[in-house]
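S.K.: What follows is a predicted structure for the sequence shown.
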Amino acid sequence: MKYCPIKQRRIFMKTRVFKIFCIVFLTSLFIFTSGTGVFAAEKVYKWKMATSWPTGFPIYKEMAVVFADNVKKMTDGRMVIQVLPGGTVISALETTSAVQKGIVQMAHTWPGYDMGIDRATAVLAGWAGGMDAPSTLHWLYFGGGHDMWQEFRMEKFGVVSFVLGMIPPEVFAHSHKPIKTLDDFKGLKIRTAGAWADILPKLGAAPLTLPTAEVFQSLERKVIDATEVSTPGMNLPLGYHEIAKYIVVPGAHQPSATFELNINKKAWESLPKDIQAIIGIVAQNTTFTSYINIGGLDINAIKAFKKNGNEIVHLDADVQKKIKSLGKDWADELSKENAWAKRIIESMYTFEQRWTTVENIRNFD
């Protein structure tokens, strides 16, 4: 019989051996290309981040948005975070609850807003009598504070947490009335939150907690006499100086303020290890850059206040001393009833004592 290559090839292609060969070949090709990324696309994690801030607020832009943008860049687009203004998904004061329930995967907030759930959060947020920003930053990243923060949030709230943002001392108040002496506090209605809301009544004032987005209208209608919200630079675009003549300084009620990122535990565990690491790195970097950038805004803000004709009022020295003393008393009382608050406060005080020895050799005459 004459051999025919074409005929023999057709016969082979119909055999079981050929079919098995094709399956093995294609399977091997798929495995190879998946491993090398030739065909397989990397998974993109699309998350939502609730915030406690209106879009025009520098905290929204310099912390939440900057963080989201940099995570996207550092993951080469493998993680995309949609930043939501306060009130978009849930109340600006209830973002942690949204994270716990899985309504959003993450949220950017100020820990003091969770004071009604656990008062130890007010300690993390910064309080009258607490450390200033440089001291707090060193406590967080050198003195073990950040690890303690994460442990607390996981144990008490079941969320993964990272510090995400720091600011210098705030404006004490934008006010319709001058606040200078202890007598000036009597009957004053002040918008505030956190530890300061506990302390103010001891000065004869009435605190009222409102989301940032509701403050302007309340101040304009004189539902409140005064408000504290943030630093000069962050308050400027919110326009309080346009409706309240007096700007009271320094921010004795809030020597520093620390912000945070909370993440749903289940969502966190679904992330690859490298993206988890990137989130931690970007959060820490954003904390430092926000402190610098937001602090720098104060220069033009003070200039704008003066140009607008606002009167800058300085709290008397005895008022500042009284506020600090009341802040220490508040912390001592809280330590007696809240084990976590006691642990955090003691850690802060211990570090502050160590930090004082360094400050003493850095001071110039």
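M.R.: Cool, got the structure.
S.K.: How about residues contacting stretch 344-359?
M.R.: 120, 123-124, 130-131, 135, 138-139, 143-145, 148, 152, 331, 334-335 (CB atoms under 8 Å, 6 or more residues apart in numbering). Just so you know, the C-beta spots here come from the backbone N, C-alpha and C atoms, and that holds for glycine as well.
S.K.: The stretch 51-200 of the chain: strands as residue ranges?
M.R.: Counting by DSSP state E, counting those that start in this stretch, one finds strands in the stretch 51-200 of the chain at the ranges 79-84, 106-109, 159-167, 173-175, 189-191.
S.K.: The longest helix seen in the chain: which residues count as buried?
M.R.: In the chain, assigned by DSSP state H, the helix with the most residues is helix 273-308. For helix 273-308, a neighbour-count test (16 or more other CB atoms under 10 Å) marks 275, 278-279, 282-284, 286-287, 289-291, 293-295, 297-298, 301-302, 305 as buried.
S.K.: what bits of this structure have low per-residue confidence?
M.R.: 1-41, 365 (pLDDT under 70).
S.K.: Outline the domain layout of it.
M.R.: 45-168+256-296, 173-255+300-362 (automatic domain parsing).
S.K.: Most tightly packed of the ones you listed?
M.R.: domain 45-168+256-296 (a mean of 20; mean count of other CB atoms under 10 Å).
S.K.: how long is that domain end to end?
M.R.: 34 Å (CA to CA, to the nearest Å).
S.K.: Return the distance of that domain from the chain's centre.
M.R.: 3 Å (CA atoms, centre = their mean, to the nearest Å).
S.K.: One more: stretch 213-231?
M.R.: Distance, centroid of stretch 213-231 to centroid of chain: 22 Å (CA atoms, centre = their mean).
S.K.: just to revisit the earlier point, let me know the closest of the contacts of stretch 344-359 to Gly158.
M.R.: Of all these, Gly158 sits closest to Phe152, with 11.4 Å by CB to CB.
S.K.: I'd like to know how far the nearest residue to the closest one once chain neighbours are set aside sits from Gly165.
M.R.: Take Phe152 and drop its neighbours on the chain: the residue closest to it by CB to CB, 6 or more residues apart in numbering is Trp340, 5.4 Å away. Distance of Trp340 to Gly165, given as CB to CB, to the nearest Å: 22 Å.
S.K.: next one: Lys156
M.R.: Following CB to CB, the distance that separates Lys156 from Gly165 is 21 Å.
S.K.: just His146 next, same as before
M.R.: Taking CB to CB, one finds His146 at 13 Å from Gly165.
S.K.: Please apply the same query to Phe172.
M.R.: Counting by CB to CB - Phe172 and Gly165 are separated by 20 Å.
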